[in-house]
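> Here is my input; please provide its structure:
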Amino acid sequence: MKSALILTVALTTVSLAQAQQITLKGRVVDEKHQPVPFATVAQAVNEPGTATNEAGEFSLRVAKVPQKITVISLGHAPTTIEVKSATDPILITLSSSTVALPEVRVRNPEQVATELVKRAYAKLARHQKQEQYGKAFYRQKQRHNSEYSEFLDAFYDVRFTNQGIGGWQLEQARYATAAEETGVDMSNFSAAVRLIPVFEPKPSRRTLAVPLSPLAEKQFKFHLREVLQDKGQETAVIDFTPRLDLNQPATFGTLYLDFKTAAIRRVESNVPIGNLMTLQFSEGTTLASQSFRMVTDFSPANDSLSRLQSVRADQRIVLSYQGKPDTTEISGNLFFYQNTAKPAAKGYKTTGVNYNDLKQAMKQNYNAKFWRDREVLRASPVEEQVIRDLEKRKAFGSF
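Here you go, the predicted model:
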């Protein structure tokens, strides 16, 4: 019998070129031949492009070849190559960024790290009420005991700040779902993507403690691990852990901040999801382990600020069902592909913790033309295993 997952705690522009006809397909790997997920792939540094998926794969439409394309990923040196043919798959290898160790770069790494975090929070807090609007693409995948059992693509109009998603409105969605007797029903998984905050201007003991808050120094320890250096730009890599006397749920992970301006570039957080969600177990089922990891990326904006660019979350729950392991893995990836002006009428409806992505998608009439015309979708290939697993189970009937 299937168990249910319920979120119980409330947690406090570019237009795409239409004329591009040639599709370049390829894969991005690191020096160890491991895939580099979510790297930016574009014709030039400041032009719109695409991003690699979890397997490091990408699809980029261009007007002609030969064509120079640039790949950028935090922690790696920017790489530009010339593609002379669209016939063969492209393999791009990224080298690691140049690293300066803390003891070489500064005298007091812990103090420097703490001051950078405090500056980063102060900058976010000054602009916390600046609402922004955009169009976003969300992909959610669920795998049960190594086989994919659910898939969702959705386009949203989104209202947001750098703290997180304020509200969104579904434009179009498509899905595939296969019936499961065991595992976990994680229907409102996107609530975590929307509601777990990047920073917390009004922290309290009833909310999740995060490092970007006015209580940062009292609640967390910070360690400057290294400084990434790429073409004159320096990024401080700062690990954070809750203090031992902190008596409340708290994240731990890594911050990536501009070493000079303290502008935020990325937050990697491990979230104590057991304190935020409740599992209702079916008979004969117990919890063995669970984990939740979130990565939030920012893009540069004016005046050394940053703009929320994407949120990715991965959860893994291992149950013991009748003495045997039963594993459910789910991932959600939301990224903004266009920034827009504020709507002339009203903003987008606030979406609470009980919003069910799959139910909302099922209410939609499938619009084939909408999906054929989506450049973002063509540039976001789905791994072959997702399609193979769900086709085998005839789960794509809703398409």
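> Any stretches of the stretch 151-300 of the chain with poor pLDDT?
187 (pLDDT under 70).
> tell me the helices in it, going along the chain?
Taking DSSP state H, counting those that start in this stretch as the test, the helices found in the stretch 151-300 of the chain are 190-195, 216-219.
> Minimum distance to Y121: which of these has it?
Among the helices of the stretch 151-300 of the chain, the nearest to Y121 by C-beta to C-beta is helix 216-219 (6.1 Å). Yep, even glycine has a C-beta here, placed from its N, CA and C like the rest.
> Please compute how far the closest one lies from its chain's middle.
Here helix 216-219 is found 26 Å from its chain centre; the criterion is C-alpha atoms, centre = their mean, to the nearest Å.
> And it, what does it pack against?
helix 109-126 (3 or more C-beta pairs under 8 Å, 6 or more residues apart in numbering; DSSP states H and E).
> name the helices or strands packed onto the helix it packs on?
The contact analysis (3+ C-beta pairs under 8 Å, 6+ apart) places helix 109-126 against helix 102-105, helix 216-219, strand 220-230, strand 233-242, strand 252-258, strand 264-270.
> where's K342 relative to G134, distance?
11 Å (C-beta to C-beta, to the nearest Å).
> These two - which one has more neighbours?
For K342 versus G134, neighbours defined as other C-beta atoms under 10 Å are more numerous around G134 (21 against 11).
> Mind checking the helices and strands packed on helix 109-126 for the one nearest to L91?
Among those, the nearest to L91 by C-beta to C-beta is strand 220-230 (21.7 Å).
> Return the list of strands paired to that closest one, each annotated with direction.
Strand 220-230 has the following strand partners under DSSP bridges: strand 98-100 (antiparallel), strand 233-242 (antiparallel).
> Can you tell me which of the helices of the stretch 151-300 of the chain is packed in deepest?
Highest mean neighbour count of these: helix 190-195, a mean of 23 (counted as mean count of other C-beta atoms under 10 Å).
> My read is that S320 contacts S282, right?
No. Contact between S320 and S282 fails when scored by C-beta atoms under 8 Å: they sit 11.8 Å apart.
> rewinding a little: redo the strands paired with strand 220-230 as CSV? Include distance to V184 and mean neighbour count.
CSV is the format used below for these (distance: least, C-beta to C-beta, whole Å; neighbours: other C-beta atoms under 10 Å):
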stretch, distance to V184, mean neighbour count
strand 98-100, 39, 14
strand 233-242, 27, 20
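> Present those strands as JSON lines; the columns should include distance to P201.
JSON lines is the format used below for these (distance: least, C-beta to C-beta, whole Å):
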{"stretch": "strand 98-100", "distance to P201": "32"}
{"stretch": "strand 233-242", "distance to P201": "18"}
